[in-house]
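[1] sequence unknown, structure follows:
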């Protein structure tokens with residue numbers, strides 16, 4: 001009997017070892033420990049060029065999404081840029097020109113080492129622990145195992161973007177391949193991005209999937225007291241008002257970076273660790289009183305009245321200064337989003353990449369590949385303690401065959417940005433139209 005149990009135990013152990021080995025073999029690296037990249041030759045000026053490119057794309061994409069989205073918006077411009085930068089490395093001719101224009105990529109000798117430096121900066125310290133926040137990002141290439149990709153392409157993507165290659169069999173095991181990629185993304189994002197690639201997106205003609213994932217979890221430098229949270233009005237429009245849990249703070253011990261401008265208020269809420277912060281851009285609504293003239297002033301601005309661009313953001317930020325606020329009110333919110341970005345990116349100026357005229361010969365030496373799908377999924381939760389945010393992007397390549405005063409009260413739609421404070425690099429960007437919407 002003991003021998004029987006011993007035999008069964010050994011058999012189960014062998015199965016576990018084989019399963020674990022198979023997972024390690026399939027995954028390009030441990031999901032929460034992305035590899036380092038080669039940032040030799042990076043400079044502060046070069047990093048700023050890449051940051052500026054990402055931020056310009058962030059606002060231009062917002063304008064495009066705003067045309068068709070009436071609800072909450074949330075995405076990671078960094079994640080999308082990272083996935084498409086790896087794709088761009090294999091593009092040639094008009095395909096490359098259009099992608100460069102849409103993402104504002106600098107020349108390759110600037111893009112590569114400085115994108116690598118930004119990537120390494122995001123992942124700085126994740127192996128050491130002890131940071132006041134969690135922030136990590138990782139890239140991967142999922143290739144058809146018997147399709148010949150150029151060594152020059154795959155080694156370059158790994159060197160500068162950390163995009164290690166894993167081989168899958170899209171021809172014979174399409175669904176299993178999809179589940180493998182989704183499982184890796186789920187682990188990278190602390191289970192917040194699930195089923196990134198829906199069933200039916202991959203096919204036996206899929207030859208390459210490029211993925212990026214980014215995850216952030218931070219605690220406010222000055223947390224909101226849960227006991228002060230109350231259900232209060234949030235004005236989606238003047239005629240459409242919903243009740244939502246509104247957090248409240250009387251910041252008697254802290255000053256905040258803040259500006260009260262003509263049409264909006266802008267507030268920076270820092271996270272512990274001093275590296276990451278949230279910017280909130282809130283159109284001015286309500287009433288004020290000019291004591292000098294005795295005039296009553298009514299503000300009725302909405303997001304449509306505010307000019308949003310990378311340059312304008314820099315202008316707004318330049319006017320911020322340490323300010324003593326009387327109170328801060330911010331809604332709790334949690335939601336996720338998913339975008340199939342072919343139409344948006346095509347409209348922004350890169351349609352060639354999605355058709356038979358695409359030239360990705362830098363990947364495989366042929367003109368046989370084009371982008372069939374770009375999928376982006378994001379999640380955000382903001383509460384009294386802090387913020388958790390995650391996003392992932394997949395690029396699928398297939399083979400051709402055929403308020404007034406110093407009161408800041410975010411009780412109406414607003415934009416929020418999660419940035420690296422030192423560089424200003426926009427990691428996440430979103431709009432809250434209805435905080436009660438999941």
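    Happy to help now that I have it. Fair warning: this is a prediction, and the values are worked out from it, not measured in the lab.
[2] got the buried residues for stretch 61-74?
    Neighbour counts over stretch 61-74 (16 or more other C-beta atoms under 10 Å) mark 61, 62, 64, 65, 72, 73, 74 as buried. In this view, the C-beta of every residue, glycine as well, is placed from N, C-alpha and C.
[3] which ones among these lie within helices?
    Among the buried residues of stretch 61-74, the members falling in helices are 61, 62, 64, 65 (criterion: DSSP state H).
[4] from the residues you listed, which two are the most distant?
    Greatest spatial distance in these: 62 and 64, 7.3 Å, computed using C-beta to C-beta.
[5] quick check: domain ranges of the chain?
    44-219+334-399, 226-333+405-432 (automatic domain parsing).
[6] distance from the chain centre to the shortest one, please.
    Its chain's C-alpha centre and that of domain 226-333+405-432 lie 21 Å apart, by C-alpha atoms, centre = their mean, to the nearest Å.
[7] same deal with stretch 154-165?
    Here the centre of stretch 154-165 is set off from its chain's centre by 20 Å, with C-alpha atoms, centre = their mean.
[8] excluding its backbone neighbours, what's nearest residue 356?
    The shortest distance from residue 356 to any non-neighbouring residue, by C-beta to C-beta, 6 or more residues apart in numbering, is to residue 400 (5.7 Å).
[9] who are the contact partners of that neighbour?
    356, 367, 368, 369, 370 (C-beta atoms under 8 Å, 6 or more residues apart in numbering).
[10] now the helices: where do they sit in the stretch 51-200 of the chain?
    All helices of the stretch 51-200 of the chain, identified by DSSP state H, counting those that start in this stretch, fall at 77-88, 93-103, 108-122, 151-161, 174-188.
[11] where does the residue nearest the centre of the chain land on pLDDT?
    Geometric centre of the chain, nearest residue: residue 76, 1.9 Å, by C-alpha atoms, centre = their mean. On the pLDDT scale, residue 76 is placed at 98.
[12] mind showing which ranges of the stretch 101-250 of the chain have poor pLDDT?
    Scanning the stretch 101-250 of the chain for pLDDT under 70 picks out 127-130.
[13] what is the neighbour count of residue 260?
    19 (other C-beta atoms under 10 Å).
[14] meant to ask about residue 335, not that
    Counted with other C-beta under 10 Å, residue 335 comes out at 21.
[15] thought it was touching residue 73?
    No. With contact defined as C-beta atoms under 8 Å, residue 335 does not reach residue 73; the gap is 9.8 Å.
[16] so residue 397 sits in a strand?
    Yes. Counting by DSSP: H, G, I helix; E, B strand; the rest coil, residue 397 is part of a strand.
[17] wait, it sits on residue 371?
    Yes. Using C-beta under 8 Å, residue 397 is in contact with residue 371, at 6.0 Å.
[18] who touches both of those two?
    Shared contacts of residue 397 and residue 371, defined by C-beta under 8 Å, 6+ apart, comprise residue 87.
[19] are any of the contacts of residue 400 buried, and which?
    367, 368, 369, 370.
[20] thinking again about what came up before, the helices of the stretch 51-200 of the chain into JSON lines, with extra columns for mean neighbour count and distance to residue 260?
    Output for those, formatted as JSON lines (neighbours: other C-beta atoms under 10 Å; distance: least, C-beta to C-beta, whole Å):
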{"stretch": "helix 77-88", "mean neighbour count": "26", "distance to residue 260": "27"}
{"stretch": "helix 93-103", "mean neighbour count": "19", "distance to residue 260": "34"}
{"stretch": "helix 108-122", "mean neighbour count": "21", "distance to residue 260": "32"}
{"stretch": "helix 151-161", "mean neighbour count": "18", "distance to residue 260": "41"}
{"stretch": "helix 174-188", "mean neighbour count": "19", "distance to residue 260": "40"}
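[21] coming back round to it: any chance of CSV for the buried residues of stretch 61-74, columns distance to residue 123?
    Formatted as CSV, the buried residues of stretch 61-74 follow (distance: C-beta to C-beta, whole Å):
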residue, distance to residue 123
61, 24
62, 26
64, 29
65, 28
72, 28
73, 27
74, 22
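[22] farthest pair in the residues you listed?
    Checking the buried residues of stretch 61-74 with C-beta to C-beta, the most distant pair is 64 and 72, at 16.0 Å.
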